[in-house]
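S.K.: I would like the atomic coordinates for the input below:
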Amino acid sequence: MAFEEAIATLENEDMKHLTEELIKIIPPYFFEVPASSTGKYHPAYALGNGGLYRHTMAVVKFLNYFFEIDCFKNRWDSRGRDKMRIAAIMHDTFKSGTQKEYEFSKYTKHEHPLIASRHIIEKMTGRGIVPDEEIKEIAEIVSSHMGQWRTSPRSNVVLPEPKGKSQIMLHLADYLASRKDIEVLFS
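M.R.: All right, here's what the predicted structure looks like:
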């Protein structure tokens with residue numbers, strides 16, 4: 001199963017179930033495309049077939065490394081840590097838009113954090129897996145993951161700035177996973 005290693009790091013059974021349900025809404029292209037459509041902005045492991053998936057797994061790995069350090073781990077309870085892990089899994093899942101948009105253009109859509117957030121909320125609220133408020137928090141973390149890269153000359157959308165500690169931490173993990181000079185090993 002995709003994300004099996006990431007799901008195993010979740011601390012709450014209902015959060016694992018939510019993640020399994022969220023994985024079902026990920027567009028199929030996500031598992032095939034590189035993390036960078038041009039190859040300019042990500043390390044070698046994130047390029048080529050499956051690169052976006054490997055980049056996403058690297059983001060989860062970075063978060064889990066942070067959580068091994070008590071001064072970071074202790075800033076969140078187990079549910080807070082799980083919300084960040086789920087946001088990491090979902091952050092780039094609609095990077096090229098919906099499946100239909102991807103078939104039209106294979107390039108990154110600037111507003112992809114908002115597309116993913118909308119899909120998370122639309123598909124998971126009201127289902128009773130976890131409280132709707134927690135789903136909305138996950139979506140908020142996803143929506144601001146781009147950090148200072150909130151604008152694009154190809155879009156009039158201004159993305160949310162990461163403000164809370166969870167938003168900032170996901171942005172940091174994503175940033176590190178996208179650095180060309182940091183390699184993450186995969187078995």
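
S.K.: contacting residues around the lowest-mean-pLDDT helix or strand in the chain?
M.R.: Between all helices and strands in the chain, the lowest mean by mean pLDDT, DSSP states H and E belongs to helix 99-104, at a mean of 84. Outside helix 99-104, the residues within contact range by CB atoms under 8 Å, 6 or more residues apart in numbering are 27-29, 96, 109. Glycine gets a C-beta too; all of them are placed from N, C-alpha and C.

S.K.: Now do the helices in this structure.
M.R.: Using DSSP state H, the helices assigned to the chain run over residues 4-8, 13-23, 51-67, 70-73, 78-90, 99-104, 112-124, 132-143, 165-177.

S.K.: Can you tell me which residue is spatially central in the protein?
M.R.: Most central in the chain under CA atoms, centre = their mean is residue 91, positioned 2.2 Å from the mean C-alpha point.

S.K.: Read off the pLDDT value for that residue.
M.R.: Per-residue pLDDT puts residue 91 at 98.

S.K.: and it, what does it touch?
M.R.: With the criterion set at CB under 8 Å, 6+ apart, residue 91 makes contact with 56, 59, 113, 116, 142, 145, 170, 174.

S.K.: so how far is residue 159 from the second one?
M.R.: The one in question is residue 59. As for residue 59, its distance to residue 159 is 17 Å (criterion: CB to CB, to the nearest Å).

S.K.: Please say which of the two ends up with more neighbours.
M.R.: Neighbour tally, residue 59 and residue 159, criterion other CB atoms under 10 Å: the higher count belongs to residue 59, 27 against 21.

S.K.: Quick one: residues contacting the nearest residue to residue 107 once chain neighbours are set aside.
M.R.: Take residue 107 and drop its neighbours on the chain: the residue closest to it by CB to CB, 6 or more residues apart in numbering is residue 37, 4.8 Å away. Shown in contact with residue 37 (CB under 8 Å, 6+ apart): 96, 106-108.

S.K.: which of the contacts of helix 99-104 count as buried?
M.R.: Buried subset of the contacts of helix 99-104 (neighbour count, 16 or more other CB atoms under 10 Å): 27, 29, 96, 109.

S.K.: Thanks a lot, see you next time.
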